[in-house]
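Asks: Here you go, sequence then predicted model.
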Amino acid sequence: MTKYGSFPGSRPRRLRTSPVMRRMVAETRLHPADFILPAFVREGVSEPVPIAAMPGVVQHTRDSLKKAAAEAVAAGVSGIMLFGVPEESKKDALGTPGTDPDGILQVALRDVRAEVGDELLVMSDVCLDETIDHGHCGVLDAQGRVDNDATLERYAEMAQVQADAGAHVVGPSGMMDGQIGVIRDALDQIGREDVAILAYTAKYASAFYGPFREAVGSSLKGDRKTYQQDPANARESLRELALDLEEGADMVMVKPAGPYLDILARVADAVDVPVAAYQISGEYSMVEAAAEKGWIDRERAILETLTGIKRAGAQNILTYWAVEASHLLAAGAR
């Protein structure tokens, strides 16, 4: 006893005394194999185009994309998710560049597969927003509403041409009802049972997509609240999850990651398939902007946000820091 009372018998601080102790008892570990690099490729440019709202991220040329894919392989990253940005004049009401075998995304898929083969999982975005003149994720009906079932037909064609171009994994991101089942059937019909589907199972109508709209040259006016999920809802995600699994999803994803860690944890607890999360453009840009102001330690913030996403249950994380974070981990940063 002391005049201040008993000394504590249990001292959790003993397990925090040194870097090696903290490393040994860490409950969550990041690894480069956790990461998937989202990348944009733009048609008709001779040099990479910086994205003003996403410092350090560019719209790639075909050549610079191949270099980025090779760098991802060297860093130990598992995958690259490709988004194609066609020339504005080629966009139309059906998103024709999305199903054109010579559309920019399909060309880029062939380029990357030729560059890295099977050393990197080459993934592709199945959505019309980058290729359609009104910027929505689907075709419109006579009243100007997104037509769910007509859009499914376009997604089926997109998945087929992306598979033919070399995609190992397709990622339907449009949040149309029934999209996973239709795409699975379409792939199987052309003998591509080997192509996996990463379902954007819980994709919320988020304010944090803002910088991404610049990255893909979106023509969107209005919002996507009639098909993306309401941020107020949680149980709805589990319904979407059950439907995606029933329709044949191989992997499932929550997007955005940071504002929806509770949803991520619920999804991860509910399934026995791999779970991914997408650390989206707004999450990236907030950290970069605060770091540029000197308000936070940038590298620590990068790894802390990624650790939080993995701790919540993500097996894989789509992040624009995939290669840089891999280098930080290789250098021993935590």
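Replies: Right, received. Where do you want to start?
Asks: and stretch 224-235, which residues are buried?
Replies: By neighbour count on 16 or more other C-beta atoms under 10 Å, the buried set for stretch 224-235 is 224, 227-229. Glycine gets a C-beta too; all of them are placed from N, C-alpha and C.
Asks: List just the nearest of these to residue 145.
Replies: Closest approach to residue 145 among the buried residues of stretch 224-235 (C-beta to C-beta): residue 227, at 10.0 Å.
Asks: For that closest one, list the residues it contacts.
Replies: 137-138, 146, 148, 174-176 (C-beta atoms under 8 Å, 6 or more residues apart in numbering).
Asks: Just the CA trace of the biggest helix by length in the chain, in CSV.
Replies: What stands out as the longest helix in the chain, according to DSSP state H, is helix 148-165. The C-alpha trace of helix 148-165 is given here as CSV (Å, rounded to 0.1, in the frame of the first residue of the first chain):
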residue,chain,number,x,y,z
ASN,A,148,-32.8,-1.4,-64.1
ASP,A,149,-33.5,-4.3,-66.4
ALA,A,150,-32.3,-2.6,-69.6
THR,A,151,-29.1,-1.7,-67.7
LEU,A,152,-28.6,-5.4,-66.8
GLU,A,153,-28.4,-6.2,-70.5
ARG,A,154,-25.7,-3.7,-71.0
TYR,A,155,-23.8,-5.0,-67.9
ALA,A,156,-23.9,-8.5,-69.3
GLU,A,157,-22.3,-7.4,-72.5
MET,A,158,-19.7,-5.3,-70.7
ALA,A,159,-18.7,-8.3,-68.5
GLN,A,160,-18.3,-10.5,-71.6
VAL,A,161,-16.1,-8.1,-73.5
GLN,A,162,-14.0,-7.4,-70.4
ALA,A,163,-13.5,-11.1,-69.8
ASP,A,164,-12.5,-11.5,-73.5
ALA,A,165,-10.0,-8.6,-73.0
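Asks: how about the buried residues of stretch 224-235 in TSV, adding pLDDT?
Replies: Output for the buried residues of stretch 224-235, formatted as TSV (pLDDT from 0 to 100):
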residue	pLDDT
224	80
227	82
228	89
229	91
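Asks: Show me the strands in the protein, by range?
Replies: 35-42, 49-50, 58-60, 79-85, 121-126, 169-172, 196-203, 251-255, 275-278, 316-318 (DSSP state E).
Asks: With mean pLDDT and mean neighbour count as added columns, please give those strands in TSV.
Replies: Putting the strands of the chain into TSV (pLDDT from 0 to 100; neighbours: other C-beta atoms under 10 Å) gives the following:
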stretch	mean pLDDT	mean neighbour count
strand 35-42	97	25
strand 49-50	96	14
strand 58-60	96	22
strand 79-85	97	25
strand 121-126	97	25
strand 169-172	97	25
strand 196-203	97	26
strand 251-255	97	25
strand 275-278	98	26
strand 316-318	98	24
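Asks: now those strands in JSON lines, with distance to residue 261?
Replies: Rendered in JSON lines, the data for the strands of the chain read as follows (distance: least, C-beta to C-beta, whole Å):
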{"stretch": "strand 35-42", "distance to residue 261": "18"}
{"stretch": "strand 49-50", "distance to residue 261": "30"}
{"stretch": "strand 58-60", "distance to residue 261": "29"}
{"stretch": "strand 79-85", "distance to residue 261": "21"}
{"stretch": "strand 121-126", "distance to residue 261": "23"}
{"stretch": "strand 169-172", "distance to residue 261": "21"}
{"stretch": "strand 196-203", "distance to residue 261": "12"}
{"stretch": "strand 251-255", "distance to residue 261": "9"}
{"stretch": "strand 275-278", "distance to residue 261": "8"}
{"stretch": "strand 316-318", "distance to residue 261": "12"}
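Asks: Go through these and name the closest to residue 111.
Replies: Taking the strands of the chain one by one with C-beta to C-beta, strand 35-42 is closest: 8.2 Å.
Asks: mind listing the helices for the stretch 101-250 of the chain?
Replies: Listed in chain order, the helices of the stretch 101-250 of the chain (DSSP state H, counting those that start in this stretch) span 104-116, 148-165, 179-189, 210-215, 235-247.
Asks: nearest to residue 30, of the buried residues of stretch 224-235?
Replies: Of all those, residue 30 sits closest to residue 229, with 27.4 Å by C-beta to C-beta.
Asks: who touches the closest one in this structure?
Replies: By C-beta under 8 Å, 6+ apart, residue 229 lies in contact with 175, 202-205, 236-237, 240.
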